[in-house]
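Asks: mind folding the following:
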Amino acid sequence: MQEKDVFLSMKAEIEHTAQKQVDAINAEVKKMEDEALQSMQEEAKKDADLKLKQELEEIHSEASAEISETHTQRTKKLIAKRDEYVAEVFKAAREKLVAFTKSAEYKDYLLKKAKAAADNDFVDAVMLVRAEDMQYSEELKKAYGKTVEVKASDEITLGGFILENTADALVVNETLEFALENQKTWFANNSGLMIK
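Replies: Numbering: from 1, shown residues only. I've put the predicted structure just below:
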């Protein structure tokens, strides 16, 4: 019986040792599976986070582009509307100037400007006026108070005059066109219609 007991004891020891090794191998396999699973989950999370970040950046970029395009279109519309208003204002101003040149006050205005222009001390003075204002040439010479030649010029369409000193090419521009053009700059700076 003793041999049988020894055999059974050895068998039990072998089975016990084998079971320990199987359990150790199973534990190692389980640990490797858990590590592999955790690594795959971390990698999947990184990929998902990266994809999410890329998609958010793309959405942000598209939204920024749309906002920029909308802003550009709005600015273009505002500029067009502003230019339309400015054109209307200056068209009305030009019409009023045309009406002014047909009034009795225009001649007084012209003579007053001629008198003030004499302060320039031009030696060889030539006063250019529009053809319609040649009728005032003698009165303009008298108002200027010095020697001046009055000539018609098609450069002047609204009214007023250009006084030239032929000796040194100095010019005094007292035309209504010039005054109106200067008002455009003033209007642009002071009208509150600046678009940013």
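Asks: so the protein: which segments form each domain?
Replies: Taking automatic domain parsing as the reference, the chain has its domains at 1-74, 103-190.
Asks: show me where the protein has helices.
Replies: Using DSSP state H, the helices of the chain run over residues 2-101, 104-117, 137-144, 176-190.
Asks: tell me which of those sits nearest to Met127.
Replies: Closest approach to Met127 among those is made by helix 137-144 (6.1 Å; CB to CB). C-betas here are computed from N, CA, C, even on glycine.
Asks: who wins for proximity to Asn165 among the helices of the chain?
Replies: Taking CB to CB, helix 104-117 is the member of these nearest to Asn165, at 10.7 Å.
Asks: for the closest one, packing partners?
Replies: Counting contacts by 3 or more CB pairs under 8 Å, 6 or more residues apart in numbering; DSSP states H and E, helix 104-117 packs against helix 137-144, strand 161-165.
Asks: can I get the ones you listed in JSON lines with distance to Glu15?
Replies: Shown next, in JSON lines, are these (distance: least, CB to CB, whole Å):
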{"stretch": "helix 137-144", "distance to Glu15": "135"}
{"stretch": "strand 161-165", "distance to Glu15": "124"}
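Asks: pick the most buried one from the ones you listed.
Replies: Among the helices and strands packed on helix 104-117, ranked by average contacts under mean count of other CB atoms under 10 Å, first place goes to strand 161-165 (a mean of 21).
Asks: strand partners of that one, parallel vs antiparallel please.
Replies: Strand 161-165 sits in its sheet next to strand 125-129 (antiparallel), strand 170-173 (antiparallel), going by DSSP bridges.
Asks: CA atoms of it as CSV?
Replies: Provided in CSV are the C-alpha atoms of strand 161-165 (Å, rounded to 0.1, in the frame of the first residue of the first chain):
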residue,chain,number,x,y,z
PHE,A,161,-12.6,131.4,-62.0
ILE,A,162,-9.0,130.3,-62.1
LEU,A,163,-6.4,133.1,-61.7
GLU,A,164,-3.0,132.3,-63.2
ASN,A,165,0.3,134.2,-62.9
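Asks: ok, residues contacting that strand?
Replies: Residues outside strand 161-165 that contact it (CB atoms under 8 Å, 6 or more residues apart in numbering) are 110, 113-114, 117, 120, 122-129, 133, 140, 148, 153, 155-156, 170-175.
Asks: one more pass at 6 Å, please.
Replies: Ala117, Phe122, Val126, Met127, Leu128, Val129, Val171, Val172, Asn173, Glu174 (CB atoms under 6 Å, 6 or more residues apart in numbering).
Asks: got the phi and psi for the second one?
Replies: Same thing as Phe122. phi -80, psi 140 (degrees, to the nearest 10).
Asks: check contacts around it.
Replies: Asn165.
Asks: how about 8 Å then?
Replies: Phe122 neighbours (CB under 8 Å, 6+ apart): Lys146, Val148, Leu163, Glu164, Asn165, Ala167, Leu170.
Asks: all set, thanks.
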